[in-house]
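*Asks:* Make a model of this:
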Amino acid sequence: MGTFKRGRIYWYEFRFRGVRIRESSYSPIRAVAERKEREHRRNLELGNAGLKRIESPLKVAQAITVLLEEKIPHWEPSTLENNGRSWKHLSPHFGKLLLDEVSARDISRYQLTRKKEGAGNRTINMEIELLRQVMIKHRRWQLISPDVRMLKEREDIGKALRPDEQVRLLDAAKKSVSQSLYPAILLSIHSGMRINELRHLRWHQVDLAKNEIVVGRSKTLAGEGRVIPLSATALICIKEWKARFPEAKLYHFVFPSERYRLYRDKDTLALTAEVYSHDPAKPMGAWKRSWISCQKRAQVSCRWHDLRHTFVSRMGENGVPDQTLMAITGHLSRKMLERYSHARMESKRAAVRTLDSTLEAEAVQQNESSMLIRPRYNREELYEKVWTMPVRIVAREYGVSDAAIAKACRRLQVPVPGRGYWAKRAANRSVKPRPPLLPKT
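*Replies:* Numbers count the residues shown, from 1 in each chain. Now for the predicted structure:
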């Protein structure tokens with residue numbers, strides 16, 4: 001037992017609780033091998049006694065470096081890149097401090113410094129979040145968390161596109177150099193999928209027989225594996241897109257990487273870009289240049305993520321229940337869902353109009369019984385409402401029952417949706433077109 005030499009490298013050997021331990025020191029120096037043997041034996045003795053080895057104090061720089069290395073197998077490349085940028089900003093302020101030295105005052109001072117540099121609240125919070133993860137791992141965050149306040153972030157950045165903006169954007173996408181831009185934008189508007197979910201979509205996730213898409217890798221656990229039914233418009237578009245790739249395999253990407261080249265027009269002699277090949281084994285990029293050019297051509301200023309906001313808002317206005325909408329979009333809470341649902345001005349006006357019926361009902365007092373007077377209906381307005389939202393919601397706005405609205409429609413000769421109309425719309429199934437409002441006889 002002890003140290004011995006094999007070739008140029010020293011090994012050590014000892015017994016612990018009847019078990020022979022033999023390890024290489026990976027060093028040609030005997031003193032190093034003896035020290036490793038003592039450290040190894042000491043660690044085993046501490047573990048056998050139920051004691052924990054006291055680690056030497058760590059600096060923030062060392063702790064964050066180790067954390068980023070450990071997260072490489074688990075984080076997306078974009079997440080690693082973002083946290084790498086966060087560490088570059090944190091390093092001058094916290095890099096040389098020990099984890100035990102970081103205080104709530106240091107974090108507040110850092111927040112103030114970054115705000116003076118012009119950084120947004122969301123960016124600063126993401127940087128502090130990296131520091132928080134490191135301190136949680138080393139059991140230090142709970143000591144200062146009561147005194148740390150994260151900056152308030154804006155929740156009104158996203159917007160829903162108007163119908164005319166959607167039309168202009170799709171028309172501009174058809175003229176784009178990128179062949180996949182138009183189907184990607186249309187599918188995003190009709191499915192609410194995130195851009196990375198679209199980029200990594202493969203053909204085995206698209207079921208054209210059942211008219212549905214199964215989302216693969218997603219930003220959230222609730223988003224992975226969710227099933228999204230395809231509307232008739234989206235189904236036609238994706239069938240036409242698939243017809244471009246007759247030899248596509250199930251494992252190929254729906255939106256493959258595109259290769260571009262320049263050619264000179266014979267008539268105008270102008271240089272123009274065109275797609276000359278696709279790589280089905282590689283996903284499309286972020287459509288960055290094509291997306292910017294498309295916005296300029298359509299004169300629409302928005303983010304790609306606003307297409308998801310548009311989808312959620314349209315579904316909400318059509319009376320789709322929150323639980324169904326959360327299942328389609330992959331949201332975990334109603335609070336997050338509300339950030340994506342943007343009420344149109346007409347919906348706001350309809351909500352304010354309910355005050356008229358409420359005040360009218362409160363003003364009526366009868367001696368024999370407290371009965372609400374029959375509200376006055378505008379024929380054109382009632383027609384628009386019963387075809388925009390379910391009758392139960394219309395009845396709630398007027399402060400009457402469903403039967404009262406049905407009687408008013410019959411009396412005013414206003415056509416109403418048939419049985420199952422709103423359920424079919426929620427399931428993206430075809431429904432009968434809305435009949436025109438004919439003159440009253």
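
*Asks:* what about the strands in the stretch 201-350 of the chain?
*Replies:* 206-207, 212-214, 227-229, 256-264, 271-283 (DSSP state E, counting those that start in this stretch).

*Asks:* between those strands, which one is nearest to residue 4?
*Replies:* Proximity to residue 4 (Cβ to Cβ) singles out strand 271-283 among those, at 53.0 Å. Quick note: C-beta positions are derived from backbone N, CA and C, even for glycine.

*Asks:* Tell me which residues of that closest one come out buried.
*Replies:* By 16 or more other Cβ atoms under 10 Å, the buried positions in strand 271-283 come out as 278, 280, 283.

*Asks:* Make TSV from those and add pLDDT and distance to residue 398 to it.
*Replies:* Output for the buried residues of strand 271-283, formatted as TSV (pLDDT from 0 to 100; distance: Cβ to Cβ, whole Å):
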residue	pLDDT	distance to residue 398
278	88	56
280	90	56
283	91	51
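
*Asks:* Minimum distance to residue 24: which of the strands of the stretch 201-350 of the chain has it?
*Replies:* Closest among the strands of the stretch 201-350 of the chain, using Cβ to Cβ: strand 271-283, at 42.6 Å.

*Asks:* Report all helices and strands that the closest one contacts.
*Replies:* Judged by 3 or more Cβ pairs under 8 Å, 6 or more residues apart in numbering; DSSP states H and E, strand 271-283 is in contact with strand 256-264.

*Asks:* ok, for residue 325, nearest residue in space, not its chain neighbours?
*Replies:* In space, and not counting its chain neighbours, residue 325 is closest to residue 315: 5.5 Å by Cβ to Cβ, 6 or more residues apart in numbering.

*Asks:* could the strands of the stretch 201-350 of the chain be laid out in CSV, adding distance to residue 150?
*Replies:* As requested, the strands of the stretch 201-350 of the chain are arranged in CSV below (distance: least, Cβ to Cβ, whole Å):
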stretch, distance to residue 150
strand 206-207, 40
strand 212-214, 36
strand 227-229, 33
strand 256-264, 39
strand 271-283, 34
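
*Asks:* Between those strands, which one is closest to residue 30.
*Replies:* Of all the strands of the stretch 201-350 of the chain, strand 271-283 comes closest under Cβ to Cβ, at 53.9 Å.

*Asks:* what's in contact with stretch 114-125?
*Replies:* Contacts to stretch 114-125, defined as Cβ atoms under 8 Å, 6 or more residues apart in numbering, come from residues 89, 111, 127, 150-154.

*Asks:* run the last query once more with 10 Å
*Replies:* 82, 85-86, 89-90, 93, 107, 110-113, 126-128, 132, 150-154, 157 (Cβ atoms under 10 Å, 6 or more residues apart in numbering).

*Asks:* Same question for stretch 131-145.
*Replies:* 55, 57-58, 60, 62-68, 70-71, 83, 86-87, 90, 93-94, 98-107, 110, 125, 148, 150.

*Asks:* go on, stretch 62-78?
*Replies:* 58-59, 79-84, 86-87, 90-91, 94-95, 98-99, 130-131, 133-135, 137-138, 140, 196, 217, 219.

*Asks:* Mark which of these are buried, thanks.
*Replies:* 58, 82-83, 86-87, 90, 94, 99, 130-131, 134-135, 138, 140.

*Asks:* Now secondary structure, pLDDT and distance to residue 397 too, for these, in JSON lines please.
*Replies:* Converted to JSON lines, the buried ones among the contacts of stretch 62-78 look like this (DSSP: H, G, I helix; E, B strand; the rest coil; pLDDT from 0 to 100; distance: Cβ to Cβ, whole Å):
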{"residue": "58", "secondary structure": "coil", "pLDDT": "84", "distance to residue 397": "62"}
{"residue": "82", "secondary structure": "helix", "pLDDT": "91", "distance to residue 397": "45"}
{"residue": "83", "secondary structure": "helix", "pLDDT": "93", "distance to residue 397": "49"}
{"residue": "86", "secondary structure": "helix", "pLDDT": "94", "distance to residue 397": "48"}
{"residue": "87", "secondary structure": "helix", "pLDDT": "94", "distance to residue 397": "53"}
{"residue": "90", "secondary structure": "helix", "pLDDT": "95", "distance to residue 397": "52"}
{"residue": "94", "secondary structure": "helix", "pLDDT": "94", "distance to residue 397": "55"}
{"residue": "99", "secondary structure": "helix", "pLDDT": "90", "distance to residue 397": "58"}
{"residue": "130", "secondary structure": "helix", "pLDDT": "95", "distance to residue 397": "48"}
{"residue": "131", "secondary structure": "helix", "pLDDT": "95", "distance to residue 397": "50"}
{"residue": "134", "secondary structure": "helix", "pLDDT": "94", "distance to residue 397": "53"}
{"residue": "135", "secondary structure": "helix", "pLDDT": "94", "distance to residue 397": "52"}
{"residue": "138", "secondary structure": "coil", "pLDDT": "90", "distance to residue 397": "56"}
{"residue": "140", "secondary structure": "coil", "pLDDT": "90", "distance to residue 397": "54"}
